[in-house]
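Peer 1: Take a look and give me a structure for this.
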Amino acid sequence: MIFPRWSGILLHPTSLPGRFGIGDLGDHAYAFIDFLVESRQNLWQVLPLGPTGYGDSPYQCFSALAGNPLLISPERLVKEGLLSEDDIKDVPGFPEDRVDFGGVIDYKTSLLRRAFRRFSEKAPSDVRAYFLAFCRSSQGWLDDYALFRALKNEYGGASWNTWEAGLVGRDPESLAAARDRLWMEVESEKFYQYLFFKQWADLRAYCYARNVKIIGDMPIFVAYDSTEVWTSPDMFKLDGEGNPTVVAGVPPDYFSETGQLWGNPMYNWERMIETGFQWWIDRMRATFDLVDIVRVDHFRGFSACWEIPAGERTAINGRWVEVPGRQLFAALKHKMGDLPIIAEDLGVITPDVEALRDEFGFPGMRILQFAFRADAGNLDLPHNYVNNTIVYTGTHDNDTTVGWFGSKAGAGSTRSAEQIEVERAWCLEYLKSDRSEINWDFIEAAFQSAARMALAPLQDVLGLGSEARMNLPASQEGNWKWRFRAGDLSEDLSGRLRELAEFYNRGQTYIRPHPVS
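Peer 2: Numbering: from 1, shown residues only. Model (predicted):
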């Protein structure tokens, strides 16, 4: 699909400001959309919106279809009569600029349980009707997800493969007994999903009315400890006891000398083919119910995946395994038409990956921080962009632009001090920069390029350093925590973005694609 000439900002909702310890779908989210509108930005890109599990990563969710209850706005629950002002009066002293996930989970879970009790005791008839309608329309995934979360709570958060044998193997009698035993807990989990999807739908409608499109993010893999693996083990490469035989990752690359060991179970593609890829069709439809455009993460994995034997401690000892990506996307196109998909084609890209991307017309990605590592033929340099391209100053996996520019060789770095200096010098020469506002030099280079869409993380708009980095690939701690502060989105920043958008002809009128059925 060929997109209009747009620009926008990458910001996950958890990074929004607010007094509840984590960004949510309340007033600050609406204020951010207003900022985009004032800045003539058409795009808001988010990370996966699912309920986070291991390491609080949005790429390791308990479900590929559910929403993250931590994003529910307590203030909106007060407006709906599900909480009182007294319920949110005494908020713990959470830090403003980062998420304390442990504290936030405890606090917001207590608020959600209170809201559920109030709903159960005296919900208005219209609210109860909306909830029941949501449960009916979402039954295909909601019943299993709610039971999964209720059982995880009963088992103290333990992975599903450690539960009693009848539950691990999904014996009908064991499942029925669990539903009866945990009826109230299951209902509460359904209620939290209702709240998330209602608040997200309201915010998305606000975006739609203001000509702001939401770019979502679909991880190619799902977490092992997830509803999808528990309910559909035949779709994954597992042994007789339900354990992965091989796991996902990438070989050594720019980010890590030992590669990245993600640990997600690999798909059983033969079984996917037998079922007409229905698992993927359902997943893609659910994603487009939430967002307007989908960035498919690790697109090269639809041509071949780096498969690592389970038990390995690094990603070095893996192998490339072919994947029927062409059949998959043909099936998706047959069922859903041409889809507004962005292919995250970073990493080890071979001609077969490019051919798959181009056959279906998906725009690929370019990262400005990668532009100065080689010669003038580097595809990440703006003068080499093809039209059907999406350019980023950096992504959630990169350092901020200010942090990247000031980086030094050291532990964990894949670049020597000499390489860093060469890149830095060429960067300054290419951008004609005096380095005083390197972040804005990057943003302007992206906006003026031929790429159809240009995006910058909010950290780059704010000119922040490495302290604001969202994620360091191959690391296990300290990620996903960054938040900006209320008041950071100034009129000056809005004016600078608006000037660039207008000068470089971004922000064209949006022509809505045919709805996905």
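
Peer 1: and residue 315, that's in a helix?
Peer 2: No - Residue 315: not assigned to a helix; according to DSSP: H, G, I helix; E, B strand; the rest coil it is coil.

Peer 1: Isn't it up against residue 263?
Peer 2: No - Residue 315 is beyond contact range of residue 263, at 9.7 Å (criterion: C-beta atoms under 8 Å). In short, each C-beta sits where N, CA and C put it, glycine included.

Peer 1: list residues touching both of the two?
Peer 2: residue 249 (C-beta atoms under 8 Å, 6 or more residues apart in numbering).

Peer 1: Who has more neighbours out of these two?
Peer 2: residue 315 (23 against 18; other C-beta atoms under 10 Å).

Peer 1: how much space between the more buried one and residue 497?
Peer 2: Distance of residue 315 to residue 497, computed by C-beta to C-beta, to the nearest Å: 38 Å.

Peer 1: Kindly report the same for residue 166.
Peer 2: If you measure residue 166 against residue 497 using C-beta to C-beta, the figure is 56 Å.

Peer 1: what's the answer for residue 303, then?
Peer 2: 36 Å.

Peer 1: can you count the residues close to the closest residue to residue 32 other than its chain neighbours?
Peer 2: Spatial nearest neighbour of residue 32, excluding adjacent residues (C-beta to C-beta, 6 or more residues apart in numbering): residue 16 at 6.3 Å. Number of residues near residue 16 (other C-beta under 10 Å) recorded here: 23.

Peer 1: can you check residue 438 too?
Peer 2: Taking other C-beta under 10 Å as the neighbour definition, residue 438 ends up with a count of 22.

Peer 1: for residue 2, same thing?
Peer 2: Using other C-beta under 10 Å, residue 2 has 8 other residues around it.

Peer 1: Surely it touches residue 452?
Peer 2: Yes - here residue 2 reaches residue 452: they are 6.9 Å apart, a contact under C-beta under 8 Å.

Peer 1: Tell me where the chain is predicted with low confidence.
Peer 2: For the chain, the stretches flagged by pLDDT under 70 are 254-255, 410-414, 508-517.

Peer 1: Scan it for its longest helix.
Peer 2: helix 183-209 (DSSP state H).

Peer 1: what about residue 166 and residue 497, which has more around it?
Peer 2: Neighbour count, other C-beta under 10 Å: between residue 166 and residue 497, residue 497 has more, with 26 against 14.

Peer 1: need the contact list for that one.
Peer 2: 7, 39, 40, 41, 443, 461.

Peer 1: Just say helix, strand or coil for it.
Peer 2: Following three-state DSSP, residue 497 is assigned to helix.

Peer 1: Let me see the ranges of the strands in the stretch 301-450 of the chain.
Peer 2: Assigned by DSSP state E, counting those that start in this stretch, the stretch 301-450 of the chain shows strands spanning 304-309, 319-322, 341-343, 364-367, 389-392.

Peer 1: if we can go back for a sec, tell me which of the contacts of residue 497 fall in strands.
Peer 2: Judged by DSSP state E, these include residue 7 as members of strands.

Peer 1: what bridges to residue 260?
Peer 2: Here residue 260 sits in beta bridges with residue 250, going by DSSP bridges.

Peer 1: Quick one: neighbours of it, just the number.
Peer 2: 22.

Peer 1: Might you report the residue contacts of it?
Peer 2: Taking C-beta under 8 Å, 6+ apart as the test, what residue 260 contacts is 249, 250, 253, 315, 473, 474.

Peer 1: In CSV: those residues, plus distance to residue 31.
Peer 2: Below are the contacts of residue 260 laid out as CSV (distance: C-beta to C-beta, whole Å):
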residue, distance to residue 31
249, 39
250, 37
253, 38
315, 41
473, 31
474, 35
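
Peer 1: In PyMOL, how would I select the buried members of those residues?
Peer 2: Only the buried entries of the contacts of residue 260 go into this PyMOL selection, using 16 or more other C-beta atoms under 10 Å:
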select buried, resi 249+250+253+315+473+474
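
Peer 1: Which of the contacts of residue 260 sits closest to residue 307?
Peer 2: residue 249 (8.6 Å; C-beta to C-beta).

Peer 1: My guess is that closest one contacts residue 309. True?
Peer 2: No - when contacts are counted by C-beta under 8 Å, residue 249 is not listed as touching residue 309 (10.9 Å).

Peer 1: Which neighbours do these two have in common?
Peer 2: Common contact partners of residue 249 and residue 309 (C-beta under 8 Å, 6+ apart): residue 318.

Peer 1: Need the residues that contact stretch 224-241.
Peer 2: Here stretch 224-241 makes contact (C-beta under 8 Å, 6+ apart) with 53-54, 61-66, 141, 144-145, 148, 159-161, 170, 222-223, 242, 244-247, 263-268, 271-272, 279.

Peer 1: which residues does the most far-flung residue of the chain relative to its centre contact?
Peer 2: The centre of the chain is farthest from one residue, residue 173, which by C-alpha atoms, centre = their mean lies 36.2 Å away. By C-beta under 8 Å, 6+ apart, the residues touching residue 173 are residue 166.

Peer 1: Now list whatever residues contact both of residue 2 and residue 452.
Peer 2: With C-beta under 8 Å, 6+ apart, residue 2 and residue 452 have common neighbours 387, 388.

Peer 1: and residue 377, how many neighbours does it have?
Peer 2: 8.

Peer 1: do the one 4 residues further on as well
Peer 2: For residue 381, the number of neighbouring residues by other C-beta under 10 Å comes to 21.

Peer 1: which ones are touching it?
Peer 2: Contacts of residue 381 (C-beta under 8 Å, 6+ apart): 371, 372, 430.

Peer 1: at 6 Å what do you get?
Peer 2: residue 371 (C-beta atoms under 6 Å, 6 or more residues apart in numbering).

Peer 1: For it, what are phi and psi?
Peer 2: For residue 381, the backbone dihedrals (degrees, to the nearest 10) come out as phi -80, psi 130.

Peer 1: Using the three-state scheme, assign residue 263.
Peer 2: At residue 263 the chain is in strand, as set by three-state DSSP.

Peer 1: any idea how far residue 36 is from it?
Peer 2: Per C-beta to C-beta, residue 263 is found 35 Å from residue 36.

Peer 1: for residue 225, same thing?
Peer 2: Going from residue 225 to residue 36 by C-beta to C-beta gives 35 Å.

Peer 1: who has more neighbours, these two?
Peer 2: Using other C-beta under 10 Å, the more surrounded residue of residue 225 and residue 36 is residue 36, with 23 against 20.

Peer 1: show me the contacts for that one.
Peer 2: By C-beta under 6 Å, 6+ apart, the contact list for residue 36 reads residue 212.

Peer 1: Please, which helix or strand holds it?
Peer 2: helix 27-38 (DSSP states H and E).

Peer 1: okay, the angle between that helix and helix 183-209?
Peer 2: Interaxial angle, helix 27-38 versus helix 183-209 (axes from the mean of the first three to the mean of the last three C-alpha atoms, to 10 degrees): 20 degrees.

Peer 1: and the helix or strand following helix 27-38, what other elements does it pack with?
Peer 2: Counting by DSSP H and E, the next helix or strand C-terminal to helix 27-38 is strand 43-45. Counting contacts by 3 or more C-beta pairs under 6 Å, 6 or more residues apart in numbering; DSSP states H and E, strand 43-45 packs against strand 6-10, strand 213-218.

Peer 1: Can you list the neighbours in contact with the longest one?
Peer 2: Residues external to strand 213-218 that are found in contact with it (C-beta under 6 Å, 6+ apart): 42-45, 47-48, 207, 287, 290-297.
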